[in-house]
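Asker: This is a predicted model, with the sequence first.
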Amino acid sequence: MEKKIYLDNAATTKTRPEVVEAMLPYFTDLFGNPSSVYEYAAQNKKAIDEARAMVAKVIGAGPSEVYFTASGTEADNWAIKATLEAYGDKGNHIITSKIEHHAILHTCEYLAKHGYEVTYVDVDENGILKLDQLEKAIRPTTVLISVMFANNEIGTIQPIKEIGELAKKHNILFHTDAVQAYGQVPIDVKDLNIDMLSASAHKLNGPKGIGLLYIRKGVKIRSFIHGGAQERQRRAGTENVPGIVGFGKAAEIALATMKERAEKETKLRELLMKRVLAEVPFVRVNGDKVRRLPNNINFSFQFIEGESLLIMLDMKNICASSGSACTSGSLDPSHVLLAIGLPHEIAHGSLRLTLSEENTEEEINYTVDQIKEIVDKLRQMSPLYEDFMKKR
Amino acid sequence: MEKKIYLDNAATTKTRPEVVEAMLPYFTDLFGNPSSVYEYAAQNKKAIDEARAMVAKVIGAGPSEVYFTASGTEADNWAIKATLEAYGDKGNHIITSKIEHHAILHTCEYLAKHGYEVTYVDVDENGILKLDQLEKAIRPTTVLISVMFANNEIGTIQPIKEIGELAKKHNILFHTDAVQAYGQVPIDVKDLNIDMLSASAHKLNGPKGIGLLYIRKGVKIRSFIHGGAQERQRRAGTENVPGIVGFGKAAEIALATMKERAEKETKLRELLMKRVLAEVPFVRVNGDKVRRLPNNINFSFQFIEGESLLIMLDMKNICASSGSACTSGSLDPSHVLLAIGLPHEIAHGSLRLTLSEENTEEEINYTVDQIKEIVDKLRQMSPLYEDFMKKR
Amino acid sequence: MYTQKVMDHFTNPRNMGEIENASGVGTVGNAKCGDIMRIYLDIDPDGIINDVKFKTFGCGAAVATSSMATELVKGKTVQEALQVTNKAVMEALDGLPPVKVHCSLLAEEAIHAALWDYAEKNGIKIEGLQKPKSDIHEEEEEVEY
Amino acid sequence: MYTQKVMDHFTNPRNMGEIENASGVGTVGNAKCGDIMRIYLDIDPDGIINDVKFKTFGCGAAVATSSMATELVKGKTVQEALQVTNKAVMEALDGLPPVKVHCSLLAEEAIHAALWDYAEKNGIKIEGLQKPKSDIHEEEEEVEY
Ligand SMILES: Cc1ncc(COP(=O)(O)O)c(C=O)c1O
Ligand SMILES: Cc1ncc(COP(=O)(O)O)c(C=O)c1O
């Protein structure tokens, strides 16, 4: 195909033209600093308020419970570091899962080096958190449970409601990294007992460089970035007005189109999955079949390695990912795939395809055709495949 | 005047149309995640590399010494918190000035609550750091000196070279918050012995939501935001590609036009200053007359209060500021004006006008006319003026 | 930031000025906080506030609350004036931003201070009126340059 | 990310395949690291490498370095082949990204492993050749599903 086929929407998404349109006035016309006294800046303040109300609405939160950050990563860092600091009187223990994004895991590793204690709870073979292990991990000193809403690699959606109830029962705060789920699946923070939630605009066709942290009213939290009085003195730095406006617009559209998008993406994904499973031997699907993000599919092709697969797909104009984008360049296989029990060599051969509503059936069929050919070509090259065939 | 007269460029600036133009392709066309394997994302990586080289060039740094952040505030927080952490073996003491931006001061206050020791060095009546006091403040446990390049309220430029030499002599790291100076006045980090430097794009006609921290090669520094491997594993979070590209473009233009802009702004500023001093009684200029940002002027009008002055200027379509924008809404007068020795009532009556190359002589003359009228009106209303006149 | 009413009273303040030989003058606030209000009262022998003027050093809200407070006490009896609370001033202005509520308190205080001065000058005691607390000259010395 | 030469050798690998009854076969790397290389050598009685083939499980750089390494040793004597270093492989490919340098080391090792196998099978000793360290079967068990 001539046209690029973009199947890496979990890494980042195209900013919608309507979103860019909404942002544009705030660069050159309404560029004032929202903290200023003059009326000219009041328009920016209003724009921020409206965007805040909209991004809050997506998760059933109040506008005053939402704080803008520069990314999902910053929101994750903030939630974890500042909460543990604020509740130091209660204890120094945090519980999380083995399949969190590095924004959570590396933050926990950092804290572990600074006197905090971290428990990493296992997931089952589909990537679903072991709730009984979670409950057993709870100590009197446990301040926070942080479990992601949906996994960025295998798309598994966690039993958030049950985790929320557990946290509430034991009077522990509950944070969820919803970077992959926000705007993609229905979320109601009140119903789910979520105390804190992270999201990032560029995962829902909003701009890069803007995220949010929801903090339930009543949760005691300190600032993570200190300075000016922005974001009700919680997060300093001149407001990224165009980014905030863009996030608001993207959230509005995501909320309005959630159902139809999910249906369309699920349909395409099922087509993709069925054809690959039927036509490519020695392949497995990673992640839960049902509790799964609508647009995510994750395969492991035995005997081949992911990067070469990606490059060959790239040469056919298909953008995909193996493991998570953030760690490419690293040589370790995905910690998520290892956590669901895949052996290293199979974890290495994984392919993540994450769809958008813009993908077509034609693209999906073309992609499957290419996958078939490339996997076959790489297997011909593979000493592991040679050994396997000879043993048969 | 019908047209808005924007005289608050220290708060934030208009994003240049050329900058927006440069950013646009990275929203909807080249939106890929730079960490991805496919060629499509390589274009973004290249764009980031080019922007990095450009923003580094402005201060004579190498591209590999520059890390993108979301704001000047984040850069300040990072520099201070992570440096003190990394050099914990050496000590727990930091020296800064009394007239820093809140991004530095509040960060220091935070650290002071966490076992660190902070010395705030005085400035003289023009806002220039007392070098002898600085040297005396040095202890064996001093890890870092952080002194701003130029002050955001009164425009005073610090004796950075002397501070750098002092720091070097005593083997102490030197960070400078150059948010107001970067791209406005020549800076050479090597020549000035600067180990770390913060900047923010929206102060030089770049976009909001993007900043940088320069970290000299060899300085041991930890991450502040943990997560993915972006920014050579130093600053996690999906790269804000449009923001970075915009920063690069703004830096390029700022560097190319620095001299002519400074000349133009200085000329307008001198006109403004001369007329006000000649035509308005009981006024003083705050800050150093010579070592000063080209576009900054700061007055104190005796007997009147700044906010009412601002609102009345606003009604005449003039955007200005009193104290720093970040603290408006607070009731304390500017800590900077107090530090240069102004009594409270005079500090309250301050007006900051910060020009851009787009301002015209006509605008400046109109502004002076309005200031005269408004100051007079407010003085008629002022009990302090009444008392003063009666005593005469 | 401000309501239309506040902006109206700020830009067209009612009763701004002085009263020579006023029956009572009260000055409250201090320069440190950035707000100083002075109220002049002209009270007739029947205890009716015939005229009232103010001068204010302060923000938009300080000017507007002064202006509104003078409007609310004008023509009232001393006892009625005493009932004009900061709440009433705020309501009459359609509200103030939270950080500016103290301005309305100052306006109330300024009225009270002027009434106190009137009472002292006339050697009377006004039921329910307490000695005002703050005055500019208590806190900071005057400075010139 | 990769040079044109790397991409060329990745997409059109030279000497990919097997040699039945090869004079020497060497397999290095392991699945944990994500790279496994196998080299087949056909060496004539004069010690000339008549033919060489490879199979590789790994990233683009792993495939390209294998391909290039086979090109560099083909037609050479055993002693000459021993001199083909990872540096030579990298240079021939116009460089590798820093994170991929280990692939070129693996290619060097794979050649050595195949030579070692050849030496063992023929009961000879090759001057300067050491026993190869790594092998897939040492580290992880094979798994199926
Ligand atoms: C001197 C100085 N430092 C830091 C900052 C903070 O920059 P930002 O608002 O981009 O975080 C500013 C501007 O507000 C500033 O003037
Ligand atoms: C689950 C999850 N958490 C956090 C992040 C980090 O988000 P960002 O890159 O916007 O900081 C990502 C995306 O990279 C993610 O998928």
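Answerer: Great, that's in hand. Ligands and ions are numbered 1, 2, ... in the order given.
Asker: So what's the gap between the longest helix seen in chain C and the chain middle?
Answerer: Ordering each helix of chain C by length in residues (DSSP state H) puts helix C:101-122 first. Here the centre of helix C:101-122 is set off from its chain's centre by 6 Å, with C-alpha atoms, centre = their mean, to the nearest Å.
Asker: Check stretch A:27-43 too.
Answerer: How far stretch A:27-43 lies from its chain's middle: 33 Å, per C-alpha atoms, centre = their mean.
Asker: what's the answer for stretch A:375-390, then?
Answerer: Using C-alpha atoms, centre = their mean, the offset of stretch A:375-390 from its chain centre is 34 Å.
Asker: Can you measure across it, start residue to end residue?
Answerer: For stretch A:375-390, the first-to-last residue distance is 19 Å (C-alpha to C-alpha, to the nearest Å).
Asker: in it, what's buried?
Answerer: If you call a residue buried by 16 or more other C-beta atoms under 10 Å in any protein chain shown, then stretch A:375-390 has these buried ones: A:375, A:377-379, A:381-388. (Each C-beta comes from the backbone N, C-alpha and C, glycine too.)
Asker: from what I can see A:Y110 touches B:G227, true?
Answerer: No. With contacts counted by C-beta atoms under 8 Å, A:Y110 stays clear of B:G227, the gap being 10.1 Å.
Asker: Please say which of those two ends up with more neighbours.
Answerer: It is B:G227, of A:Y110 and B:G227, that has more neighbours when counted by other C-beta atoms under 10 Å in any protein chain shown, with 25 against 19.
Asker: For the chain, which residues score under the pLDDT cut-off?
Answerer: Since no chain was named, I'll use chain A. For chain A, residues meeting the criterion pLDDT under 70 lie at A:1, A:323-331.
Asker: I was thinking of chain C, sorry if that wasn't clear
Answerer: For chain C, applying pLDDT under 70 flags the ranges C:134-145.
Asker: from it, which residue is nearest to chain B?
Answerer: Relative to chain B, the nearest point of chain C is C:A31 (3.0 Å; C-beta to the nearest C-beta).
Asker: Now that residue. Nearest residue, chain neighbours left out?
Answerer: Distances taken as C-beta to C-beta, 6 or more residues apart in numbering or on different chains put B:E345 closest to C:A31, at 3.0 Å, once the chain neighbours are dropped.
Asker: what secondary structure does that neighbour sit in?
Answerer: The three-state label given to B:E345 by DSSP: H, G, I helix; E, B strand; the rest coil is helix.
Asker: Kindly provide the distance from A:Y182 to B:L24.
Answerer: Separation of A:Y182 from B:L24 (C-beta to C-beta, to the nearest Å): 26 Å.
Asker: oh sorry, the question was meant for A:G341
Answerer: 45 Å.
Asker: before we move on, what about A:F282?
Answerer: From A:F282 across to B:L24, the span is 45 Å (C-beta to C-beta).
Asker: What count of nearby residues applies to the residue in chain C positioned nearest to chain D?
Answerer: Residue nearest to chain D within chain C: C:M1 (52.0 Å; C-beta to the nearest C-beta). Applying other C-beta under 10 Å, we find 21 residues neighbouring C:M1.
Asker: Tell me which stretches of the chain form helices.
Answerer: Just so you know, I chose chain A. Going by DSSP H, chain A shows helices at A:17-23, A:25-28, A:39-57, A:72-86, A:102-112, A:131-137, A:160-169, A:230-233, A:241-279, A:306-315, A:335-339, A:344-347, A:361-381, A:383-391.
Asker: I was thinking of chain C, sorry if that wasn't clear
Answerer: Remark: helices assigned in chain C by DSSP H are C:4-11, C:60-73, C:78-82, C:86-92, C:101-122, C:136-139.
Asker: just those helices: most buried one?
Answerer: helix C:60-73 (a mean of 27; mean count of other C-beta atoms under 10 Å in any protein chain shown).
Asker: rewinding a little: looking at A:G341 and B:L24 now, which is surrounded by more residues?
Answerer: Counted by other C-beta under 10 Å, A:G341 and B:L24 do not tie: B:L24 has more neighbours, with 18 against 15.
Asker: For residue 110, list the residues it contacts.
Answerer: Because you didn't say which chain, this covers chain A. Contacts for A:Y110 (C-beta atoms under 8 Å, 6 or more residues apart in numbering or on different chains) come out as B:223, B:226.
Asker: Actually, chain C is the one I wanted.
Answerer: Counting by C-beta under 8 Å, 6+ apart, C:A110 has contacts C:26-29, C:37-39, C:54, C:66, C:69.
Asker: same thing with A:R222?
Answerer: A:82, A:85-86.
Asker: Would you agree A:R292 is in contact with A:I157?
Answerer: Yes. Contact status for A:R292 versus A:I157: in contact at 6.3 Å, counting by C-beta under 8 Å.
Asker: restrict the buried residues of stretch A:375-390 to contacts with chain D.
Answerer: Among the buried residues of stretch A:375-390, the residues lying close to chain D (C-beta under 8 Å from any C-beta of the partner chain) are A:381-388.
Asker: Any chance of these in JSON lines with distance to A:L173 as columns?
Answerer: Shown next, in JSON lines, are those (distance: C-beta to C-beta, whole Å):
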{"residue": "A:M381", "distance to A:L173": "51"}
{"residue": "A:S382", "distance to A:L173": "48"}
{"residue": "A:P383", "distance to A:L173": "50"}
{"residue": "A:L384", "distance to A:L173": "46"}
{"residue": "A:Y385", "distance to A:L173": "49"}
{"residue": "A:E386", "distance to A:L173": "53"}
{"residue": "A:D387", "distance to A:L173": "51"}
{"residue": "A:F388", "distance to A:L173": "49"}
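Asker: Dump these into a markdown table; add distance to ligand 2 as well.
Answerer: Converted to a markdown table, those look like this (distance: C-beta to the nearest ligand atom, whole Å):
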| residue | distance to ligand 2 |
| --- | --- |
| A:M381 | 31 |
| A:S382 | 30 |
| A:P383 | 34 |
| A:L384 | 30 |
| A:Y385 | 32 |
| A:E386 | 36 |
| A:D387 | 36 |
| A:F388 | 34 |
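Asker: Pick out whichever of these sits closest to chain B.
Answerer: Using C-beta to the nearest C-beta, those come closest to chain B at A:M381, 18.2 Å.
Asker: Spell out which parts of the stretch 201-350 of chain A neighbour ligand 1.
Answerer: Residues of the stretch 201-350 of chain A lying near ligand 1 by C-beta under 6 Å from any ligand atom: A:237-238.
Asker: Looking at the stretch 201-350 of chain A, which residue is nearest ligand 1?
Answerer: Closest residue of the stretch 201-350 of chain A to ligand 1, C-beta to the nearest ligand atom: A:T238 (3.2 Å).
Asker: Just give the closest residue to residue 100, not the sequence neighbours.
Answerer: Just so you know, I chose chain A. Nearest residue to A:E100 in three dimensions, chain neighbours excluded: A:M148, at 5.5 Å (C-beta to C-beta, 6+ apart).
Asker: ah, I was thinking of chain C
Answerer: That would be C:A61: by C-beta to C-beta, 6+ apart, it lies 3.8 Å from C:K100.
Asker: on that earlier part again, looks like the residue of chain C closest to chain D contacts C:P98 (just checking).
Answerer: No. Using C-beta under 8 Å, C:M1 is not in contact with C:P98; the gap is 11.3 Å.
Asker: I'd like the distance between the residue nearest the centre of chain A and B:S350.
Answerer: Nearest residue to the geometric centre of chain A (C-alpha atoms, centre = their mean): A:Q180, 2.9 Å. Distance of A:Q180 to B:S350, given as C-beta to C-beta: 49 Å.
Asker: Dump the contacts of C:A110 to a markdown table, plus distance to A:D132.
Answerer: Converted to a markdown table, the contacts of C:A110 look like this (distance: C-beta to C-beta, whole Å):
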| residue | distance to A:D132 |
| --- | --- |
| C:G26 | 71 |
| C:T27 | 71 |
| C:V28 | 66 |
| C:G29 | 64 |
| C:M37 | 67 |
| C:R38 | 72 |
| C:I39 | 71 |
| C:F54 | 71 |
| C:S66 | 67 |
| C:A69 | 66 |
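Asker: Out of these, list just those in strands.
Answerer: Assigned to strands by DSSP state E, the following of the contacts of C:A110 qualify: C:26-29, C:37-39, C:54.
Asker: Having no further points to raise, I will conclude here.
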